[in-house]
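S.K.: Model the structure of this input:
(one chain, ligands or ions: 1)
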Amino acid sequence: MRVEDIDTPALIVDLDGLENNLDRYQKYFDERGIGLRPHIKTHKCLAIAHMQMRRGAMGITCQKVSEAEVMVAGGVDRDILIPFNIIGRQKLERLVALARRTRLTVAADSEYTVQGLADAAAAAGVALGVIVELDCGRTGIGPPAAAVDLAAKIDQAPGIELRGIMTMPATLDQRPLIQETLALFDKRGLPYPVVSGGSTPGAFNAHQIPELTEYRAGEYPVGGVGHLKGGTHSVEQCAGRVLMTVVSRPGEDRAILDGGSKSLSGATYREEDGSTSMGHIVEYPDARIEGASEEHGHVDLSACKRKPGIGERVQVLPVHPCPCFNEHDEIVAVREGEVEAIWPVDARGRIR
Ligand SMILES: Cc1ncc(COP(=O)(O)O)c(C=O)c1O
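M.R.: A predicted model of the protein is given here:
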């Protein structure tokens with residue numbers, strides 16, 4: 001089957017671009033002795049997770065317990081980090097069940113979380129690692145003295161094992177926070193085998209934070225509009241695309257695609273001139289997806305010399321690959337126009 005035979009809208013992944021990304025990020029981290037722990041929330045796909053593990057990933061990151069359940073059931077079960085406060089009996093029961101089947105580490109930023117983890121792990125008699133998330137603007141505990149107090153509580157709690165710290169993201173300006181916190185860990189004699197940083201845009205600066213032992217990158221395999229504009233990915237390296245068809249040309253400067261927010265997600269990118277777009281059309285780089293309804297992409301063609309006709313098919317780079325992939329049941333894997341595989345988005349919709 002050729003790409004021309006795929007019905008639209010469809011999520012496709014260009015295999016040459018995907019493999020190039022998997023190889024270059026893995027090489028970067030291997031050469032610097034930092035573990036790469038891909039975040040599978042982006043693709044939610046076992047086939048891609050297995051490709052990442054085969055290339056040398058130390059383990060994976062899952063945002064949610066249910067994503068980890070899918071990965072473990074599919075054989076991606078070596079070493080999993082869930083960088084999330086797991087709260088509530090329903091999740092804790094599933095978490096400790098998972099800890100029997102894989103090496104598992106979770107993040108915590110409060111005594112409330114730590115107590116729940118410790119009680120569940122001790123009751124189940126499983127080994128559960130815990131890292132302290134430092135406050136970088138979303139979840140996390142600060143200042144460093146408070147983070148270390150929490151680490152000491154984890155260290156003393158029965159059932160759980162203190163494994164270190166994490167930040168999100170891990171930009172260079174987080175380094176003083178990491179250093180200050182680790183100095184306090186040293187003072188109190190607390191262990192920190194794991195110092196985990198993350199996010200794709202800063203990935204190639206990770207070596208400038210030598211304290212990092214591992215790195216969580218999610219979007220690097222497929223890229224997206226932000227990565228194209230930010231320069232980490234060329235158009236070819238933006239491997240995740242939504243194939244769409246022009247279904248209407250209501251005006252000289254307007255085109256309507258057969259996919260909207262249910263194909264691309266509702267994510268928007270703000271250009272330097274203040275305008276926003278919801279995707280980048282590979283064949284028409286001057287076009288702007290100025291908006292979307294659920295099943296229609298609204299394209300402004302005013303800057304285009306050449307304009308697409310009704311029935312023409314285009315490839316659209318999503319702004320944010322993670323919610324985009326979560327909109328699709330399957331990924332069509334294509335190499336040089338030939339379909340090589342169709343992969344389920346195995347953990348699609350797994351948000352608990
Ligand atoms: C905790 C955590 N780690 C790592 C990542 C991966 O970042 P990126 O998607 O930029 O690769 C994310 C993304 O949201 C995250 O929330």
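
S.K.: any idea how far the strand ranked longest in the chain is from the chain center?
M.R.: Counting residues, the longest strand in the chain under DSSP state E turns out to be strand 240-251. A distance of 26 Å separates the centroid of the chain from that of strand 240-251, by Cα atoms, centre = their mean, to the nearest Å.

S.K.: What of stretch 75-87?
M.R.: In terms of Cα atoms, centre = their mean, the gap separating the centre of stretch 75-87 from the centre of its chain is 13 Å.

S.K.: hang on, the earlier thing: list the strands paired with the following helix or strand past the longest strand of the chain, with their directions.
M.R.: Reading on from strand 240-251 to the C-terminus, the next helix or strand found by DSSP states H and E is strand 254-257. In its sheet, strand 254-257 lies beside strand 240-251 (antiparallel), strand 296-300 (antiparallel), with partners assigned from DSSP bridges.

S.K.: these two touch, right, residue 36 and residue 217?
M.R.: Yes. With contacts defined as Cβ atoms under 8 Å, residue 36 counts as touching residue 217 at a distance of 6.8 Å. C-beta: built from backbone N, CA, C; applies to glycine.

S.K.: out of those two, which sits in the more crowded spot?
M.R.: residue 217 (28 against 25; other Cβ atoms under 10 Å).

S.K.: Could you report the distance from the more buried one to the ligand?
M.R.: As for residue 217, its distance to the ligand is 4 Å (criterion: Cβ to the nearest ligand atom, to the nearest Å).

S.K.: Could you report the pLDDT at that residue?
M.R.: Among the per-residue scores, residue 217 holds a pLDDT of 98.

S.K.: Ok, the one 10 residues further on next?
M.R.: In this model, residue 227 is scored at 97, pLDDT.

S.K.: Now do it against the ligand, distance only.
M.R.: Noted for residue 227: a distance of 9 Å to the ligand, by Cβ to the nearest ligand atom.

S.K.: Looks like that residue contacts residue 202 (just checking).
M.R.: No. Using Cβ under 8 Å as the test, residue 227 is too far from residue 202 to be in contact (11.9 Å).

S.K.: What's the per-residue pLDDT of residue 170 here?
M.R.: For residue 170, the predicted pLDDT is 89.

S.K.: nearest spatial neighbour of it, skipping sequence neighbours?
M.R.: If the residues on either side of it in the chain are set aside, residue 170 comes closest to residue 197, at 2.5 Å by Cβ to Cβ, 6 or more residues apart in numbering.
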